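K.L.:
Predicted model, plus sequence, below.
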Amino acid sequence: MHKDIQRLLQCINLEEKEQAQRYRLDQQHSLKALKAEGLALHPIIVTRKNFGYADYPEVNFKLSFPPEANMFRDGAAIECFITGEEPVKGVLINLDGKNGEFRLFAPDFPDWIEDNGVGIKLAPDTRTTSIMKKVLNELENNKPLFKRFEQLHDGEPTNLAPAVKNIAVDFRNKQLNDSQQQAVKAILQNEDITIVHGPPGTGKTTTLIEAIVQLIKNGEKVLVSAPSNTAVDNIAKGLLQQNIRLLRVGNASKTDEAIFAHTPEGRLANSKQQKEIKQLKQRAEEFRRMALKYKRSFGKAEREQRQLLFKEVKNLRSEIKKLQAYNEEKLFEEAQVIAGTPIGIYDAGVNHLQFATMVLDEAGQCIEPLAWCIFPLADKVVLAGDHWQLPPTVLSMEATKLGLNVSILETAIQHTAIIHLLNTQYRMKEAIAGFSSSYFYNNQLLSPAQLANTGTHITFIDTAGSGYNEEHGANGSSLQNPGELNIVIKLLQTEELDPLSTAFISPYSGQVAAAKEVLPKPMRISTIDSFQGQEKENIILSLVRSNDDGDIGFLKDYRRMNVALTRAKEKLFVIGDSATIAADAFYHAFLTYMEQHGSYRTVWEFEM
């Protein structure tokens, strides 16, 4: 077996082991500790129960507190629990602020679902890891696929991209700049792997949509994927506006109406087949009701009867799934584009269809084994993203050392010649984009004339010598800096910043939790990780670290800072302690840039 396949399998095992350890709820791992680490939401208040598309129980809930929920991403594996009962496995459909929804992998809701003290916690995603292992173990049996794997791991690194032939393309979007047009042409001429490198604000999604429209015009069937449901929906909306026949597979429960109409569930909503499915669901409901007559304290005979009834529910659910799969087949054939997350696409069972091109967006957030789950489905691959933004989330330090957090985009960039940089950003004023352009993008990230500076757009507020030191939160976990939050409050007043058009971000979840207690309610308050892909007129960034040792912790991940520094459109305020951060070369360069191109202020200006 190829050494890198062995390495990736080892990484998955390490990550699986770390998840099992980290998410455990027992005497050693208290509920309080899990909540402090942002791994459990407790208690939840159930607001609605219903049976979803494949007849699984689904629960809507709300929280009475603002959650620290960076880890609770859409599609995350969870367990619903209450003290003294067996937890039930499920999947998080959505969490937006204090409201969320999850699906349970069970024949029915547990008896205790609406009792006081119910919570959900993250659980090891054994299903995804088992799929990734299966795919990697079978990879060498697929000769063309294994050849691609070898190319991405053993190929000679090169920067000599072959010239894009100047083919005539009738662009539907007449607003594309030259670098975007070149990327579209490269995708049309792609014979194996093409990379579209899209730094912040460069119109990556717009470019991909145009390329997909052109591929379809050339008679291709296209597969579109991304590691998050949000990214999939983002590109799907753009394609629907171009009147593309799109089928969105996977997690459809929380998609908005525009996209829901293009999911299998939405497309089949009023069909004859749906009536048949409805009848099967009603039968399943009857059996469930009968089973629920047997409450918690019952004898052996009642238990057996209940098990038989639930077995019948399971059989009916299986029948519903088969019927849905049969009905969906026609939808798969008719679609010009099928879109979903890698696991959503894998589950949809579209491997019998022939896709000419697969577009994987946000490829810089996709761990490599996940990409190989869908690589076999298409002849040609387009990877789009930015390897200078946040890498994929990996829990295991050992797996990280072995490279599990190296995305498929990073791996491909090292061994693929065809890389097209989108070189003009349309989001932020030139001064805001300037530092990232010089540090990460070799000064190749340009700003159009309309984004030329019209005043001071970047400000560093230095807390050195003020005694505004970092401290651990009440539970001893993530760091906070109350002094920096005082500056934020004064800044909002003195600069007359509208809370609705201003966001507060920080690398530390403890600082975010503390900010939610003191900053105006309508203001967007978020960790940097949760804010990737978003933007606001004004951004206030709190760095938190302030100590005598020059210890900057994970401020060392400069890609996280690249995300933070490129979210503001008009004004960026960075609050930090120069004495703590300046010994680091990256922050030294950043402070120098601030002095040359922005406003350098001290904390004493805010002491009133």
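P.N.:
Received, thanks.
K.L.:
after the helix or strand containing Asn94 comes which helix or strand?
P.N.:
Using DSSP states H and E, Asn94 sits in strand 88-96. Remark: after strand 88-96, the chain's next helix or strand is strand 99-104, criterion DSSP H and E.
K.L.:
Tell me the pLDDT of the most centrally placed residue in the chain.
P.N.:
Geometric centre of the chain, nearest residue: Ser228, 4.1 Å, by C-alpha atoms, centre = their mean. Looking at Ser228, its pLDDT is 87.
K.L.:
And for the one 5 residues further on?
P.N.:
At Asp233, the pLDDT value in this model is 91.
K.L.:
Which secondary structure state does it sit in?
P.N.:
helix (DSSP: H, G, I helix; E, B strand; the rest coil).
K.L.:
low-confidence ranges in the protein?
P.N.:
Within the chain, the stretches with pLDDT under 70 are 27-28, 53-54, 66-70, 157-163, 251-255, 270, 292, 294-298, 474-477, 608.
K.L.:
Show me which helix runs longest in it.
P.N.:
helix 300-334 (DSSP state H).
K.L.:
That helix packs against which elements?
P.N.:
strand 246-248, helix 264-267, helix 272-292 (3 or more C-beta pairs under 8 Å, 6 or more residues apart in numbering; DSSP states H and E). Bear in mind the C-beta positions are built from the backbone N, C-alpha and C, glycine included.
K.L.:
Mind doing that once more with 6 Å?
P.N.:
Helix 300-334 sits against helix 264-267, helix 272-292, with contacts defined as 3 or more C-beta pairs under 6 Å, 6 or more residues apart in numbering; DSSP states H and E.
K.L.:
would CSV of those helices with distance to Val59 be doable?
P.N.:
What follows is the helices and strands packed on helix 300-334, written out as CSV (distance: least, C-beta to C-beta, whole Å):
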stretch, distance to Val59
helix 264-267, 18
helix 272-292, 15
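K.L.:
most packed of those?
P.N.:
Of all the helices and strands packed on helix 300-334, helix 264-267 has the most neighbours on average by mean count of other C-beta atoms under 10 Å, namely a mean of 19.
K.L.:
how near is the nearest residue in space to Ile345 that is not next to it in sequence to Thr47?
P.N.:
Of all residues not flanking Ile345 in the chain, Ile374 sits nearest, at 5.4 Å (C-beta to C-beta, 6 or more residues apart in numbering). Distance, Ile374 to Thr47, by C-beta to C-beta, to the nearest Å: 35 Å.
K.L.:
cool, and Glu334?
P.N.:
37 Å.
K.L.:
same deal with Phe81?
P.N.:
18 Å.
K.L.:
in the longest helix of the chain, what's buried?
P.N.:
306, 309-310, 312-313, 316-317, 319-320, 323-324, 327-328, 331-332 (16 or more other C-beta atoms under 10 Å).
K.L.:
same question, stretch 501-521
P.N.:
In stretch 501-521, counting by 16+ other C-beta under 10 Å, buried: 502-516, 519.
K.L.:
Stretch 453-465 too?
P.N.:
His457, Ile458, Thr459, Phe460, Ile461, Asp462, Thr463.
K.L.:
Return the closest of the residues you listed with respect to Asp115.
P.N.:
Checking the buried residues of stretch 453-465 against Asp115 by C-beta to C-beta gives Thr463 as the nearest, at 47.3 Å.
K.L.:
hang on, isn't that closest one packed against Thr602?
P.N.:
No. At 8.1 Å, Thr463 and Thr602 do not qualify as touching, with contact defined as C-beta atoms under 6 Å.
K.L.:
Next, find the distance separating the closest residue to Lys571 other than its chain neighbours from Ser509.
P.N.:
Excluding its sequence neighbours, the residue lying closest to Lys571 (C-beta to C-beta, 6+ apart) is Asn538, at 4.5 Å. Distance from Asn538 to Ser509, counting by C-beta to C-beta: 22 Å.
K.L.:
how far does stretch 108-120 stretch from start to finish?
P.N.:
17 Å (C-alpha to C-alpha, to the nearest Å).
K.L.:
count of residues packed around Leu353?
P.N.:
16 (other C-beta atoms under 10 Å).
K.L.:
so what's it up against?
P.N.:
By C-beta atoms under 6 Å, 6 or more residues apart in numbering, the contact list for Leu353 reads Phe332.
K.L.:
what kind of secondary structure is it in?
P.N.:
Taking three-state DSSP, the label given to Leu353 is coil.
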